[in-house]
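S.K.: mind folding the following:
(one chain, ligands or ions: 1)
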Amino acid sequence: MSRRVVVTEERACRVCHMHIGTKMSAVFPNGVLVCYRCLRKGDPHVCPLTGVDFREALGPGASQAVTSPPGPAEPGGGEPPG
Ligand SMILES: [Zn+2]
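M.R.: Residues are numbered from 1 along each chain as shown. Next comes the predicted model:
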């Protein structure tokens with residue numbers, strides 16, 4: 001009898017270790033999986049396990065699309081070498 005219980009930590013809340021089946025859950029950017037209940041307990045932007053605030057980590061302008069502003073159009077279109 002060599003049965004052993006394998007706990008699938010990948011689908012278990014990292015805070016309360018509750019098994020997360022089809023329940024609502026959330027995964028933080030650092031890969032910490034938490035159940036919906038634990039997520040509601042604290043700030044959804046702060047990892048309850050490490051205490052990292054991803055809202056501050058990403059920065060205030062993280063949500064903005066990083067696009068370079070269009071530069072001034074060259075009137076000549078480039079001079080030929082020589
Ligand atoms: Zn939980």
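S.K.: and the gap between the closest residue to V52 other than its chain neighbours and L49?
M.R.: With sequence-adjacent residues excluded and distances taken as Cβ to Cβ, 6 or more residues apart in numbering, V52 is closest to N30, at 6.5 Å. For the C-beta atoms, the positions are set from N, CA and C on the backbone; glycine is no exception. For N30, the distance to L49 equals 8 Å [Cβ to Cβ, to the nearest Å].
S.K.: neighbour count: the two, which is higher?
M.R.: The residue with more neighbours, out of N30 and L49, is L49; 16 against 11, by other Cβ atoms under 10 Å.
S.K.: isn't the more buried one up against R14?
M.R.: Yes. Using Cβ atoms under 8 Å, L49 is in contact with R14, at 5.1 Å.
S.K.: intersection of neighbour lists for those two?
M.R.: Both L49 and R14 are in contact with 32, 34, where contact means Cβ atoms under 8 Å, 6 or more residues apart in numbering.
S.K.: the ion contacts on this protein?
M.R.: Counting by Cβ under 5 Å from the ion, the chain comes close to the ion at 13, 15-16, 18, 35, 38.
S.K.: show me where the chain dips below the pLDDT cut-off.
M.R.: Counting by pLDDT under 70, the ranges of the chain that qualify are 1-2, 5-10, 57-82.
S.K.: show me the strands in it, by range?
M.R.: 25-27, 33-35 (DSSP state E).
S.K.: deepest-packed of the ones you listed, please.
M.R.: Neighbour counts (mean count of other Cβ atoms under 10 Å) averaged over each of those peak at strand 33-35, with a mean of 21.
S.K.: sheet partners, orientation included, of that one?
M.R.: With DSSP bridges as the test, strand 33-35 is paired with strand 25-27 (antiparallel).
S.K.: so what touches the partner strand?
M.R.: Defining contact as Cβ under 8 Å, 6+ apart, one finds that strand 25-27 is touched by 13, 33-36, 39, 44.
S.K.: swap the cut-off to 10 Å and go again
M.R.: Here strand 25-27 makes contact (Cβ atoms under 10 Å, 6 or more residues apart in numbering) with 11-14, 18, 20, 32-40, 44.
S.K.: now, of the residues of the chain next to the ion, which are buried?
M.R.: Neighbour-count burial (16 or more other Cβ atoms under 10 Å) is assigned, among the residues of the chain next to the ion, to 13, 15, 35, 38.
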